[in-house]
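*Asks:* need a 3D model of the following:
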Amino acid sequence: MTRRDNRCFGRDREMETLARLVGDDLPLVTITGSPGVGKSMLIRAFLRLHEGASRKRVFCTVEAARDAQALRETVIRALGGASRHREDASGASFRRAFASLGPVLLVLDGADRVLPDVRTRVSEWVETIPELQIVVTSRERLHVPLEQVLPLQPFPVPAEGEPPGGAALELWTARMRERDARYTLDGPDAGSTVALLRGLDGLPLAIELAAARSATMAPRELLRRLAGSRDILGLAQTLDLSWQLLDSFERKALARCSTFAGRISLEAAEAVIRDADAEGPPVVEVLSRLRDKSLLSFSLLENGEGELTMLACVRAFAERKLADSERANDAARRYAAFFVREAQSIAALACTDPHGAARAFEAEHDNFIAVVRRSIEAADQPSIENALHILVALESPRWFLDEPSANLELFDRALERASGADSRLLIHARIARGRVAWRAGRLDTTESDLEAALNLAESLDDVPLRSLSERFLALPRLLRGRFDDARELATDALALARSCDDRGLEALALAMLGYVLRFSGEPVRARGCLEEAIAAFISVRDVRLLQSLRIDIVFSYLDAGDTAAAKLYAQQLRDDEREPALLARLSVALGHAALVEGDSSAARHHYTIAREHACEAGDRVMEVVALACGAVARFELGEIVAARVQLHELVPATIQFGPNLYSGLLQATGSVFDAAAGQLEDPRGVLDDVARALHLPLRSSTIESKILERILRALRDSYVDCNAEGRAHRVLRIEADGAWFEPPGGSRVACRERRVMRRLLLALTRAHEDRPGTRLTNADLIEAGWPGERVKAEAGRNRLHVMIARMRDLGLRGVLDGDGSGYRLAEDIRLEVVGRA
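*Replies:* As a prediction, this is how the structure comes out:
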């Protein structure tokens, strides 16, 4: 036994349980678990920990035994018995061999090959030898009287995004330190290492083997190779023993279960495993036997339901067995067909229970996505249609709950190959991707998809699909500032819905018309449409958009200036809401109300919460809104530097969105802040300039535009253009090394620890001394402030603008002049350098 075995990682709880079972003198304990889970490691560590106990410990490895005779001889040798016992090992002389030793704890390690013989002998020994206590390690329980089972699970591994930690990482680190005592889990391989352990399912044997392979392969390469073949770790031989011990029904079921990428429900398993013309035991019985043999894992969920899953290493082994069979394609076809039906069934549930539909999709998410990916790879039209059916269905509850999707890339790939797909399916797929792309900030894709859907619906003369397409196309038209086009589309969608007497379509069209009217400056009419839409949805028992529409009504109250009603309604809705995307919108509305009431601190709080919810939901659009409006609150609280830094974080988002109302909101807010920092000469024209550049006539009636006007009013009130006489005798005092400065009429500001500010101030001072009014370019100042650093031009400018704004906030607002392309000390400033030799 090697030194490394002296530690048993992550098994404290199991060790305590085993100690209790043995300490209670229970006659039989079976430690079960999948191959490589660490059954032998646990019992060996237990025996070492309890050396010197009153019971004699006898460890007997029986995994090499092939029959009952070999089993008896192996046990006799472990007991130290003479050969005379072998002839009657199952009789009185064998029992005397045990009795001569007194109280004994007998460990039978690796009993899988001779499980029937172990079951028979252990039952007999437990009945006839009172002082004998037995611990068996096996992949399945013995199913004998008085047996206590201790199941082992793989180590938990941090999920993506969670901080690293746990037994799997401890085991990996310990093995790596045996080769290099300086090893730590950090640096460029940290993420790959955690992903590798996740890919190994936290299986201790797999971790040991991967750590051994890391002597010649980095974790990143191991992870890549692991994706192609699990046998790189040599697990196939271990799993092959389990395969040999299965009957034909169990082998077929295990191989076909490998088609599942996630949980294995009984209904899905019956659809995939059972052959219509085949006889055999019920599928539920076969699955139960595979679970007993530790080839399937069972876990109890928080909602009280149980689920079967398969370890990745077992799945990879079973996949190879399925590929070698004649029914591999049949299993894959059944798997896809079942989950297409399941997706469509869950999507239908979204009308009445979107939360329930979302939970149902989440439970089978891995299987749905696996069908989509495999179908796209197959690339034939039936497979592509399977992928589109599932992708369209998956978006159903997400859209109704205002949640963005992570499936945009899959939509892109499927639609690239969908030229021959059913036309009506293509319309639904285009509409679904259009919605997904809008949430991801790809407005161009949204517009082109919805235009294509409308054209196709018109070519088919399908009135309901025309109404649906026009309803959705109105949104990008609105966001582009094309208010008349948006109103025409929404109005026509409503007329088409009414012409085919479809109350659900009518509700959807009314909802969009209300949204368009709100941004067109008609808040009262907008609220009327939204309330009519809510009534229509309720009449058809469709609850999909009710909460989102009620939030739109909150904004219509804000547009109309009824802040009290907006606040009350928003607070009522927030108390019953749990979805992050909808909570983000409600928090933005409450932030708007607080700003209107003059409580900038409360507004900042609400906008911060809104941004957190938007980030949680992955809603980039609402994140932009929360950030831009939160900057307004910070401005009013005097936190201009913090606000401008936040705004610069989302500059890439505005580029991705393209010109629309939301990117316009962010750009307008950012430009106003630049004006406040003295980077633009005329802050009063900023909003008009931004609107003209984007071709967006910002309507003054919306709450968002009112918030922007509020900044402008504050700017106008605080922006003082000092006349020449007032500036004639201004003195800037600065320590020769830039350790401090005193602005005209202000207090001393320490700069010794502000190294960048200090370097910038000295550069500006030297330029002013050479010739008053000399302007340094952005490039000059970036080189002075961050000497030797290689940064992209835009990043460097952002750094510089933030630092200049900070210097102005510290008293240099009327001293530092600039127009965004460069800066200087004001020409009339008189310098007084202190401490110069």
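*Asks:* so where do the strands sit in the stretch 201-350 of the chain?
*Replies:* Ranges of strands in the stretch 201-350 of the chain, per DSSP state E, counting those that start in this stretch, are 297-300, 306-309.
*Asks:* which helices and strands sit right next to the strand or helix carrying Phe368?
*Replies:* Here Phe368 sits within helix 365-378, counting by DSSP states H and E. Judged by 3 or more CB pairs under 8 Å, 6 or more residues apart in numbering; DSSP states H and E, helix 365-378 is in contact with helix 328-349, helix 381-400, helix 408-416. C-beta coordinates here come from the backbone N, C-alpha and C atoms, glycine included.
*Asks:* what residues of it count as buried?
*Replies:* Under the neighbour-count criterion of 16 or more other CB atoms under 10 Å, helix 365-378 has Asn367, Phe368, Ile369, Ala370, Val371, Val372, Arg374, Ser375, Ile376, Ala378 buried.
*Asks:* ranking the helices and strands packed on helix 365-378 by burial, who's on top?
*Replies:* Of all these, helix 381-400 carries the top mean neighbour count, a mean of 23, counting by mean count of other CB atoms under 10 Å.
*Asks:* in which helix or strand does Val58 reside?
*Replies:* Secondary structure (DSSP H and E) places Val58 in strand 56-61.
*Asks:* then Arg824?
*Replies:* strand 822-825.
*Asks:* which stretches of the chain form strands?
*Replies:* In the chain, the segments counted as strands under DSSP state E are 28-32, 56-61, 104-109, 132-138, 147-151, 297-300, 306-309, 731-735, 740-742, 749-750, 776-777, 816-818, 822-825, 830-834.
*Asks:* give me the buried stretch members for the strand holding Val58, please.
*Replies:* Across strand 56-61, burial judged by 16+ other CB under 10 Å covers Arg57, Val58, Cys60.
*Asks:* specify the beta-bridge partners of the first one.
*Replies:* Arg57 has the following beta-bridge partners by DSSP bridges: Leu105.
*Asks:* so how far is the strand holding Arg824 off the chain centroid?
*Replies:* 45 Å (CA atoms, centre = their mean, to the nearest Å).
*Asks:* pLDDT (mean, whole number) over it?
*Replies:* Average pLDDT, strand 822-825: 87.
*Asks:* in that strand, which residues are buried?
*Replies:* Buried-residue list, strand 822-825, by 16+ other CB under 10 Å: Gly822, Tyr823, Arg824, Leu825.
*Asks:* in a markdown table, list those along with distance to Thr445.
*Replies:* Listed next are the buried residues of strand 822-825 as a markdown table, based on distance: CB to CB, whole Å:
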| residue | distance to Thr445 |
| --- | --- |
| Gly822 | 39 |
| Tyr823 | 40 |
| Arg824 | 45 |
| Leu825 | 48 |
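*Asks:* looking at the buried residues of strand 56-61, which one is closest to Leu150?
*Replies:* For the buried residues of strand 56-61, the residue nearest Leu150 by CB to CB is Arg57; the value is 17.3 Å.
*Asks:* list the contacts for the closest one?
*Replies:* Leu47, His50, Glu51, Leu105, Val107 (CB atoms under 8 Å, 6 or more residues apart in numbering).
*Asks:* and with 10 Å instead?
*Replies:* Listed by CB atoms under 10 Å, 6 or more residues apart in numbering, the contact set of Arg57 reads Phe46, Leu47, Arg48, His50, Glu51, Val104, Leu105, Leu106, Val107, Val135.
*Asks:* run a quick neighbour tally on the last one.
*Replies:* Val135 is surrounded by 25 other residues when neighbours are defined as other CB atoms under 10 Å.
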